[in-house]
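A.B. asks: predicted model follows, preceded by the sequence.
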Protein chains: 4
Amino acid sequence: MRNKFKKKNTIILSALKLFSKKGFYNTTISEISKNMGVSVGNIYNYFPSKNSLAKASITFVAKKLATNLRYINNQNISSQEKVYMFVISYLNFLKEHPEMIDYFFRVYLSNREVFCKEEDCGFQLAKDFIDEIEILIDTGTENGEFKKQNFYVGFSCITGILGGITFLNGEKVLEDDLNIYARDLSTAICKALS
Amino acid sequence: MRNKFKKKNTIILSALKLFSKKGFYNTTISEISKNMGVSVGNIYNYFPSKNSLAKASITFVAKKLATNLRYINNQNISSQEKVYMFVISYLNFLKEHPEMIDYFFRVYLSNREVFCKEEDCGFQLAKDFIDEIEILIDTGTENGEFKKQNFYVGFSCITGILGGITFLNGEKVLEDDLNIYARDLSTAICKALS
Amino acid sequence: MRNKFKKKNTIILSALKLFSKKGFYNTTISEISKNMGVSVGNIYNYFPSKNSLAKASITFVAKKLATNLRYINNQNISSQEKVYMFVISYLNFLKEHPEMIDYFFRVYLSNREVFCKEEDCGFQLAKDFIDEIEILIDTGTENGEFKKQNFYVGFSCITGILGGITFLNGEKVLEDDLNIYARDLSTAICKALS
Amino acid sequence: MRNKFKKKNTIILSALKLFSKKGFYNTTISEISKNMGVSVGNIYNYFPSKNSLAKASITFVAKKLATNLRYINNQNISSQEKVYMFVISYLNFLKEHPEMIDYFFRVYLSNREVFCKEEDCGFQLAKDFIDEIEILIDTGTENGEFKKQNFYVGFSCITGILGGITFLNGEKVLEDDLNIYARDLSTAICKALS
DNA sequence: CATGAATGAGTGTTCATTCAT
DNA sequence: GATGAATGAACACTCATTCAT
């Protein structure tokens, strides 16, 4: 039912905020429940374990990122412009929902043991997003803006460079507003891909 | 005295292996001690807490990476060649000491709460390495190989792209030997910087 | 709610028994929990730390003693009779709940470091009881049975003499039933106060 | 040999200071050793265990108190004057060596489990002192100053009342210098005994 | 569905004691 | 005798998970 779905999302949002702020292991289920005014036990009516909640959170964020990127991919513009739009969209997302991006980079990328215990292993959780990245690269390659290249290298260029600035942002060493870096970052990505 | 120093390093090495394999929170002091054939209590004669051991481990790896890069920075070659040598050196390091690089990327980049409780906060722990990255970029800028650019963007290009491939390597999705990617990666980095 | 209050008392009672028998530091939370058929963790749902449990235990005993003494203070009898009644009441209490009195004298009087870490420091925990002692002395002074005297000296006479016999009782050197000493002790106290 | 004896005393003095300040269980052998500039292991050349050091400390203090009291007992003065002299001597001792008296009252009286594990149980450790107390009472009884009374009650009067003021002193609630209370205390003791 | 008290295995850390040097 | 690194059992406290209400 619709309600169940909404409640799951509310829980994910609450978890996301805390996971990203304090890390996965320093966030307790009890805190998540208190933060959203719900009982501990009730959370277990929606997610069978803390790990499963973490996984659902990843998928949630990945889907958001994928949706954004899919929208851009569908535009009728050059690939370079798509990259730029994606960078802008990503940085805005980072500013508006730092907890989601932080979670994506901090918790997911590095608490492998949390996400890889069973079948639907780490990489798969973000599949939607990764697929859109692939589309972005392939389209650019097909129309000649990007060179033909190994997907993994291309993937590293896009997500790595954005990941780098995300890390620096999290470390609070950036002096300027994030948007300032948008042009430089997208240029760097495009050059790396071409 | 010399001995105390050596013992600390032995402990760090043991910790590094386990932290990187299982994550910081899933590694117990007892495991680290068993892994190196020493008693639990004795570890506390060298490190006052698990956190401090984690910090020392970061510094240890950062120093190794910095030493490698410093050696390259001091060569009398073009900056592009330096980047290539650094990528090669990094990938080899990753192959030979996956636990160190893994630790660097997984534990450090993401368990901020572990490293940021006091003054010598996160970013500072890797200072040596970061300084060498800055030298690499600045030298290239001075000799005209790289464009004049914001340091944070340049930093993201180098460490981000390498971080990306490291992540993929950790996820075990790469089909080929790491060295295969060396040329493409260094090319991408140089383009991104220029 | 009523239940929470009752449970706290049950825990205190269990703790009291063990603390007094084995001392604060030789009693583990695990023992307390086993002794009352409850899990370790559950105790922490009621008391945030072992120290806080010790403090609550002190207050619990002090309140009991205070209640006994308040009842006597409210009687319409001479102060000498009050002292006698108090001694009787105290010795009976000591016989029936040796763990409580033992705790009061052994753990409280001497594990200062446990009780004095914060604001509600040692002396304050037994405030209720001490207040009643003051009333006992003041009343006797007002009606001329006791001389006008420094409170601290008077306090030492009452609690010190009873403390002495308590100590000897704990050392198991007393040959007779405690009640045998009641008359002599109350006489000594009254003389000391007059 | 003489040296061994002296060293043992030095250790006892160091232990006494720390035991009384922080309690028996919060004082580590390592602290005692550091406090006196000696290695941990070396302490074990003089005392086979922490407990035995605590016991030796008790005997040390008891002997000091006994010596003081014995000197007074041997004077050719009334028993009331003896009590007064003893109170004065005790309060001075308390002011000059608070750690010793504190230890006697706090650690000995209440960490029974430390002192009663084997044959030379608690009470016996202070035998010298207790014997002198008995002599003080008996002499007073013989010369008619004190009434004939149960030893345990008499003992409680003397040590209890002094114990009371010691406790209050330790709690830092006394507003005046200890000596102020000497006359009142000795009067109270004498009255209680007569 | 919702609650939150109860469980108990698990972890970081301490510290008396030993012993090779 | 003196040293202090090494040992390892022990303990306070945490927290994911369960389940009776």
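C.D. replies: All right, it came through fine.

A.B. asks: what residue ranges in chain A score low on pLDDT?
C.D. replies: Chain A contains residues with pLDDT under 70 at A:1-2, A:110-123.

A.B. asks: and it, which residues reach DNA strand F?
C.D. replies: A:N26, A:T27, A:T28, A:I29, A:S30, A:V40, A:G41, A:Y44, A:P48, A:S49, A:K50, A:N51 (Cβ under 7 Å from any atom of the strand). From N, CA and C alone the C-beta is placed, and that goes for glycine too.

A.B. asks: most neighbours, which of these?
C.D. replies: Of the residues of chain A next to DNA strand F, A:T27 is surrounded by the most neighbours, 23 neighbours in total, counting by other Cβ atoms under 10 Å in any protein chain shown.

A.B. asks: in three-state terms, label A:G37 for me.
C.D. replies: Here A:G37 is recorded as coil under DSSP: H, G, I helix; E, B strand; the rest coil.

A.B. asks: against DNA strand E, how distant is it?
C.D. replies: A:G37 sits 7 Å away from DNA strand E, going by Cβ to the nearest atom of the strand, to the nearest Å.

A.B. asks: returning to what we had before: from the residues of chain A next to DNA strand F, which is closest to B:L65?
C.D. replies: Proximity to B:L65 was ranked across the residues of chain A next to DNA strand F by Cβ to Cβ; first place goes to A:N26, at 27.4 Å.

A.B. asks: the residue of chain A at minimum distance from DNA strand E sits in which helix or strand?
C.D. replies: Distance from DNA strand E to each residue of chain A (Cβ to the nearest atom of the strand) is smallest for A:G41, at 1.5 Å. With the criterion set as DSSP states H and E, the secondary-structure element containing A:G41 is helix A:40-43.

A.B. asks: what's that helix in contact with?
C.D. replies: The set of residues that contact helix A:40-43 without belonging to it, under Cβ atoms under 8 Å, 6 or more residues apart in numbering or on different chains, is A:I11, A:I29, A:S30, A:I32, A:S33, A:L53.

A.B. asks: give me that answer again for 7 Å
C.D. replies: Helix A:40-43 is contacted by residues A:I11, A:I29, A:S30, A:I32, A:S33 when judged by Cβ atoms under 7 Å, 6 or more residues apart in numbering or on different chains.

A.B. asks: residues in contact with the third one?
C.D. replies: To tie it back to what came earlier, the one meant is A:S30. A:V40.

A.B. asks: how about the fourth one?
C.D. replies: Residues in contact with A:I32, defined by Cβ under 7 Å, 6+ apart, are A:S14, A:A15, A:L18, A:I43.

A.B. asks: briefly note if the host helix or strand of A:I11 comes near DNA strand E.
C.D. replies: Assigned by DSSP H and E, A:I11 belongs to helix A:2-22. Yes. Applying Cβ under 7 Å from any atom of the strand, one finds helix A:2-22 in contact with DNA strand E at A:N3, A:K4, A:K7.

A.B. asks: leaving out sequence neighbours, find the closest residue to the second one.
C.D. replies: Residue nearest to A:K4 in three dimensions, not counting chain neighbours: A:Y46, with 7.3 Å by Cβ to Cβ, 6 or more residues apart in numbering or on different chains.

A.B. asks: what about that neighbour, which SS state?
C.D. replies: On the three-state scheme (three-state DSSP), A:Y46 is labelled coil.

A.B. asks: and it, how many neighbours?
C.D. replies: Neighbours of A:Y46 under the rule other Cβ under 10 Å: 18.

A.B. asks: ok, now A:N179?
C.D. replies: Counted by other Cβ under 10 Å, the residues lying close to A:N179 total 12.

A.B. asks: helix or strand for the residue lying closest to it once chain neighbours are set aside, which one?
C.D. replies: Using Cβ to Cβ, 6+ apart and skipping residues adjacent in sequence, the residue nearest A:N179 is A:L91, 6.0 Å away. Element membership for A:L91, per DSSP H and E: helix A:79-96.
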